[in-house]
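In: turn this into a structure:
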Amino acid sequence: MISPPTLLLIVINLMFLAGCQQQTEETMPPPVAMTEEAVGHFCQMNILEHAGPKAQIHLDGLPYPLFFSQVRDGIAYERMPEQNYKISAIYVSDMSKAQDWENVGRENWIPASSAHYVVASTMTGGMGASELVPFSDQDDARKFVARHGGQIMRLDDIDDALVLNNTTVMPSAKPLETAIIPDDDDYRTRLEKLRKK
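Out: Take a look at the predicted model:
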């Protein structure tokens, strides 16, 4: 049996943690609607001209987010060894609310950490590479898998090799187990140096 002082201490700690969580969500910058002026950070092309889900990343100190023509590109940016800016928020297109693959919506954003991702489906993203397809509703993700294949994963469970691999996924794609980190010695060297720090 827990003593009253211990129980009180547990309740106070839980309230403190809940307050921290709420404060973090309230201090996150809100997502920004895509416009004709929004260009992909890597490709510098109009983001609305590309099909499939998109990503936006907010960096501390910058008034506007970086847009990405593919969700995978946004997550790759976050995980790249060279990325040294403080990220305050990452949002991805919510395909549960998208009209279709060509029209994902300008304001259908959800926090990247809350999405259910379909990985290694037969659908390619806006830049023609394999895509991480985000859904707010896991049932919608299951329906997508039934039509286009793939596997449902949470962001923290998606291996870097699936994000940083630069191959295009086609219907005859290799299984998830065979995904490899790009064959780039310089990339591997930088990644190993970061892991050792």
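In: so where do the helices sit in the chain?
Out: For the chain, applying DSSP state H gives helices covering 4-27, 71-79, 138-148, 160-164, 185-196.
In: worst average pLDDT in those helices?
Out: Note on the helices of the chain: lowest mean pLDDT is at helix 4-27, with a mean of 53.
In: what is the residue nearest to Arg142 when sequence neighbours are not counted paired to in the beta sheet?
Out: Nearest non-adjacent residue to Arg142, counting by C-beta to C-beta, 6 or more residues apart in numbering: Ile152, 6.8 Å away. Using the backbone N, CA and C atoms, a C-beta is placed for each residue, glycine as well. Going by DSSP bridges, Ile152 is paired in beta bridges with Val118.
In: distance of Ile152 from Val145?
Out: Separation of Ile152 from Val145 (C-beta to C-beta, to the nearest Å): 6 Å.
In: any residues in contact with both of these two?
Out: Val118 (C-beta atoms under 8 Å, 6 or more residues apart in numbering).
In: how many neighbours does Asp156 have?
Out: Asp156 sits with 6 neighbouring residues when counted by other C-beta atoms under 10 Å.
In: and it, what's its pLDDT?
Out: Note on Asp156: pLDDT of 95.
In: any buried residues in stretch 64-82, and which?
Out: For stretch 64-82, the neighbour count (16 or more other C-beta atoms under 10 Å) marks 65-77, 80 as buried.
In: do the same with stretch 29-46
Out: The neighbour-count check on stretch 29-46 (16+ other C-beta under 10 Å) flags 29, 31-32, 34, 38-42, 46 as buried.
In: for those residues, which one is nearest Ala98?
Out: Nearest to Ala98 among these: Met34, at 12.4 Å, using C-beta to C-beta.
In: what sits against the closest one?
Out: Counting by C-beta under 8 Å, 6+ apart, Met34 touches 47-48, 54, 67, 106-107.
In: for Ile90, which non-adjacent residue is spatially closest?
Out: Ala112 (4.0 Å).
In: now Ile75
Out: If the residues on either side of it in the chain are set aside, Ile75 comes closest to Val163, at 5.0 Å by C-beta to C-beta, 6+ apart.
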